[in-house]
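Q: below are the sequence and a predicted model; questions follow.
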Amino acid sequence: GESVGLHLPTLSVQEGDNSIINCAYSNSASDYFIWYKQESGKGPQFIIDIRSNMDKRQGQRVTVLLNKTVKHLSLQIAATQPGDSAVYFCAENMNGNKLVFGAGTILRVKS
Amino acid sequence: GAGVSQSPRYKVAKRGQDVALRCDPISGHVSLFWYQQALGQGPEFLTYFQNEAQLDKSGLPSDRFFAERPEGSVSTLKIQRTQQEDSAVYLCASSLSSSYNEQFFGPGTRLTVL
């Protein structure tokens, strides 16, 4: 399939290690944030979300951290697996409807 | 269950042609969104429907772009007189309602304008 992110920053990790993907968002008024995973040739797939009244939320093998002071979001993936290889986007939900996506990060998992 | 589907998956058009891209949202989803994704970039918002009402079309790049959802279900994004800069993946997403609900994305339509 065709690569989604030809010019995006790349994070390479060893299988089994933890991954941390960072994102800076733009609008201090945004109150809902989502991480999406996008594999080549597919649409973005929801991973985890967080509301602005929280600073941490955990899912299965994933944790999202929100720092509103510096407008920073991070996604932590525990025990990274080859199937985690994809492009990861953070998104701000503006006014409860449209999403504003960040630039994206390519995650490559080495076996 | 069925997710969001889009057709065609790939479309090649000659510059100046009109194209129509179709989105079938998840049944019962009130909100429908169109995004444009250029190669190597994140998706960018185009327009948003709640049922049949187009509530936000602020992201449509020009008056050559037109979207409709006449019965509050299937949506069509039409691009008139296509230009090379229109080449991108067009993504459709739907959600149960607009506010703070997960948006489910379709696989996209890759448009190439020659």
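A: Good, I have the coordinates.
Q: from now on I want contacts and neighbour counts done on CA atoms only, so please keep to that.
A: Noted.
Q: and the residue of chain B found nearest chain A, what element?
A: With CA to the nearest CA, the shortest gap between chain B and chain A falls at residue B:40, namely 3.8 Å. For residue B:40, there is no helix or strand it lies in under DSSP states H and E.
Q: kindly report the same for the one 5 residues further on.
A: Under the criterion of DSSP H and E, residue B:45 resides in strand B:44-50.
Q: just the CA trace of that strand, in PDB.
A: Output in PDB follows, covering the C-alpha atoms of strand B:44-50 (Å, rounded to 0.1, in the frame of the first residue of the first chain):
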ATOM      1  CA  GLU B  44      -8.100  18.400   7.200                       C
ATOM      2  CA  PHE B  45     -11.700  19.100   7.900                       C
ATOM      3  CA  LEU B  46     -13.900  20.000   4.900                       C
ATOM      4  CA  THR B  47     -17.500  19.900   6.000                       C
ATOM      5  CA  TYR B  48     -20.000  18.500   8.600                       C
ATOM      6  CA  PHE B  49     -23.600  17.400   8.600                       C
ATOM      7  CA  GLN B  50     -26.000  16.700  11.400                       C
END
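Q: okay, now the sheet partners of that strand, with direction.
A: Sheet pairing of strand B:44-50 (DSSP bridges) gives strand B:31-37 (antiparallel), strand B:53-56 (antiparallel).
Q: just name the most buried of those.
A: Counting by mean count of other CA atoms under 10 Å in any protein chain shown, strand B:31-37 has the highest mean neighbour count of the strands paired with strand B:44-50, with a mean of 26.
Q: hmm, who's touching the strand holding residue B:45?
A: Identification of contacts with strand B:44-50 by CA atoms under 8 Å, 6 or more residues apart in numbering or on different chains yields A:98-101, B:30-37, B:54-61, B:67, B:69, B:72, B:97-98.
Q: give me the mean pLDDT for it.
A: Average pLDDT, strand B:44-50: 96.
Q: bridged to the nearest residue to residue B:87 once chain neighbours are set aside, which residues?
A: Counting by CA to CA, 6 or more residues apart in numbering or on different chains, residue B:112 is the residue found nearest to residue B:87 once chain neighbours are left out, at 4.7 Å. Residue B:112 has these beta-bridge partners by DSSP bridges: residue B:12.
Q: next one: residue A:89
A: In beta-bridge terms (that is, DSSP bridges), residue A:89 pairs with residue A:36.
Q: low-confidence bits of chain B, can you list those?
A: Scanning chain B for pLDDT under 70 picks out the ranges B:1, B:98-99.
Q: residues from it in reach of chain A?
A: B:33, B:39-45, B:48, B:91, B:98-100, B:102-108 (CA under 8 Å from any CA of the partner chain).
Q: buried ones only from those, please, as a PyMOL command.
A: To isolate the buried ones among the residues of chain B next to chain A in PyMOL, judged by 16 or more other CA atoms under 10 Å in any protein chain shown, type:
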select buried, chain B and resi 33+39+41+42+43+44+45+48+91+98+100+102+103+104+105+106+107+108
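Q: ok, the residue of chain B closest to chain A touching residue A:8?
A: Yes: under the criterion of CA atoms under 8 Å, residue B:40 makes contact with residue A:8 at 6.6 Å.
Q: with adjacent residues omitted, what lies nearest to the spatially most central residue of chain B?
A: With distances taken as CA atoms, centre = their mean, residue B:34 lies nearest the centre of chain B, 3.4 Å away. Distance criterion CA to CA, 6+ apart; nearest residue to residue B:34, sequence neighbours excluded, is residue B:92 at 4.6 Å.
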